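In: Take this sequence and fold it.
(one chain, ligands or ions: 2)
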Amino acid sequence: MEPATMAWTLAAAGFALVYWFVWVMGAAEVQGKRAVDLQMGSIADDKVGDRYSQYWSFFRSPKETAAAATADKVPAFVDTFYNLVTDIYEWGWGQSFHFSPSLPGRSHREATRVHEERVADLLEARPGKRLLDVGCGVGGPMRAIAAHSGSDVVGITINEYQVNRARSHNRKAGLDAQCEVVCGNFMAMPFPDASFDGAYSIEATCHAPRLQDVYGEVFRVLKPGGLYVSYEWVTTPLYRADDPEHVEAIHGIERGDALPGLRRQDEIAAVAKEVGFEVVKELDLALPPALPWWTRLKMGRLSYWRNSLVIRALTLLRVAPKGVSEVHEMLYETAHHLTRGGETGIFTPMHMVLLRKPATAAE
Ligand SMILES: C=C(CC[C@@H](C)[C@H]1CC[C@H]2C3=CC[C@H]4[C@H](C)[C@@H](O)CC[C@]4(C)[C@H]3CC[C@]12C)C(C)C
Ligand SMILES: C[S@@+](CC[C@H](N)C(=O)[O-])C[C@H]1O[C@@H](n2cnc3c(N)ncnc32)[C@H](O)[C@@H]1O
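Out: Residues are numbered from 1 along each chain as shown. Ligands and ions are numbered 1, 2, ... in the order given. Down below sits the predicted model:
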């Protein structure tokens, strides 16, 4: 082959390979987010590195958890975290930022949907009801619940970038008449007392330094008799504080997920009662016969490797902002700690509580 032909052939093959990697394979969960669209939330490209260091400065030393950070700084810290991870989550996981038990013969997307629809069913949601989504992310659960039940849903998130993403997804799904998104702190919500028929939180209240602050707010905005379902991240009774492997996994989960300190399973119902709720039901949805929620993380080793390569290439080409690789690396490590937490049974991301505001509670 002529050297010139050889050079052209190699260039074409190289281009095809990059195209395949970035556009075809790169978008692991293809849900409207492509690798070339990765941003760092509302952080300017040249500030990503700074914000990432700022994120880590919340942990005084690598061994400490964010409990070191004072409670009033936590919402800003969580906001920074979601600026850093929201696009990577959407790109590599989808529009629902939570886990779900695996379902035999069903896809991850179906399992996610079933886990979300369970919330709507527990809340007895139906047309005409107004629900609150506490910590709504980019609104994957909100759209599933609105579509499944016919209810109206108002979501709240601390992160402005997520508000814009959620609103855009709601419009595209034709659900913007039913779904509304507000930027705010779920520990001081901008809603009047007794303004919702029901409420739910999916893997979100773990970001609150004091669970009382968020449960108290949900209690306030619910109508008397209203139901609240929460999927909580907690350590289980199998966790041993004197086992270094357990401590490493739990600290790893806290550091990689912007958590001010994981709670114990038995604390949840106690806090719910303290703020005035009746506990209707409490169940760890990860317990057998449920199939493992963490297999989705484990099976993705090849995807992680591919994603990491795509991100490095895009950073080199200056298509993705500098710093994305570090954030991606942090998530990769977090996935390992979450998997260990699941395999050892010391951690669950789906301790479900169904709570009721007593019908007699004063409005
Ligand atoms: C509830 C929370 C978030 C839970 C999960 C949605 C996310 C926890 C860890 C995340 C991920 C880890 C590895 C990433 C991978 C390296 C990348 O290539 C693609 C995205 C990941 C799979 C990413 C996706 C979301 C998570 C599973 C917390 C924050 C309270
Ligand atoms: C892991 S995401 C889960 C999102 C959504 N529930 C889902 O399952 O897709 C946690 C969410 O809680 C929100 N959050 C955390 N702390 C918050 C706070 N203080 N006020 C409002 N939202 C908060 C985050 O912004 C994010 O949207």
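In: Would you mind listing the residues in contact with the closest residue in space to G276 that isn't next to it in sequence?
Out: Of all residues not flanking G276 in the chain, F219 sits nearest, at 5.3 Å (C-beta to C-beta, 6 or more residues apart in numbering). Where C-beta positions appear, they are placed from N, C-alpha and C, glycine not excepted. For F219, the contacting residues are Y228, V275, G276, F277, K357, A361, by C-beta atoms under 8 Å, 6 or more residues apart in numbering.
In: One more: E278?
Out: For E278, the contact set (C-beta under 8 Å, 6+ apart) comprises L355, R356, K357, P358.
In: ok, 6 Å please
Out: Listed by C-beta atoms under 6 Å, 6 or more residues apart in numbering, the contact set of E278 reads R356, P358.
In: And for D133?
Out: M142, V153, G155.
In: Mind doing that once more with 10 Å?
Out: Each residue near D133 by C-beta atoms under 10 Å, 6 or more residues apart in numbering is listed here: 119, 139, 141-142, 145-146, 153-157, 166, 179-182, 186, 199-202, 204.
In: Pop out the phi and psi values for R113.
Out: phi -60, psi -40 (degrees, to the nearest 10).
In: What distance do you get for it to I145?
Out: Counting by C-beta to C-beta, to the nearest Å, the gap from R113 to I145 is 10 Å.
In: higher neighbour count, the two?
Out: Applying other C-beta atoms under 10 Å to R113 and I145 shows that I145 carries more neighbours, namely 30 against 21.
In: Using the three-state scheme, assign that one.
Out: Three-state call for I145 (DSSP: H, G, I helix; E, B strand; the rest coil): helix.
In: For it, give me its contacts.
Out: Counting by C-beta under 10 Å, 6+ apart, I145 has contacts 113, 116-121, 123, 125, 131, 133, 139, 151, 153, 155, 178-179, 198, 200, 202.
In: longest strand of the protein?
Out: Counting by DSSP state E, the longest strand found in the chain is strand 222-235.
In: Extract the C-alpha trace of that strand and format it as CSV.
Out: This file holds the C-alpha atoms of strand 222-235, laid out as CSV (Å, rounded to 0.1, in the frame of the first residue of the first chain):
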residue,chain,number,x,y,z
LEU,A,222,-48.1,17.6,54.7
LYS,A,223,-51.9,17.8,55.2
PRO,A,224,-53.1,15.9,58.3
GLY,A,225,-53.6,12.2,57.4
GLY,A,226,-51.0,12.6,54.6
LEU,A,227,-48.5,9.8,53.9
TYR,A,228,-44.7,10.1,53.5
VAL,A,229,-42.5,7.3,52.1
SER,A,230,-38.7,7.5,52.3
TYR,A,231,-36.0,5.2,51.0
GLU,A,232,-33.1,5.8,53.4
TRP,A,233,-29.4,5.1,53.2
VAL,A,234,-28.4,3.5,56.5
THR,A,235,-25.9,1.0,58.2
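In: so S151 makes contact with R143?
Out: No: using C-beta atoms under 10 Å, S151 makes no contact with R143, being 11.7 Å away.
In: one step back: could you tell me which of the contacts of I145 belong to helices?
Out: Taking DSSP state H, the ones among these that sit in helices are R113, E116, E117, R118, V119, A120, D121.
In: tell me which of the residues you listed is nearest to ligand 2?
Out: Closest approach to ligand 2 among the ones in helices among the contacts of I145 (C-beta to the nearest ligand atom): E116, at 7.8 Å.
In: Nearest to ligand 1: which residue in this protein?
Out: G92 (2.3 Å).
In: Ramachandran angles for that residue?
Out: Per degrees, to the nearest 10, the backbone of G92 is at phi -100, psi -10.
In: and if you look at the one 5 residues further on?
Out: Listed backbone geometry of F97 is phi -90, psi 60, with angles given as degrees, to the nearest 10.
In: close enough to count as contact, it and M142?
Out: No: the criterion here is C-beta under 10 Å, and F97 misses it with M142 at 11.6 Å.
In: ok, these two, which is more surrounded?
Out: For F97 versus M142, neighbours defined as other C-beta under 10 Å are more numerous around M142 (30 against 22).
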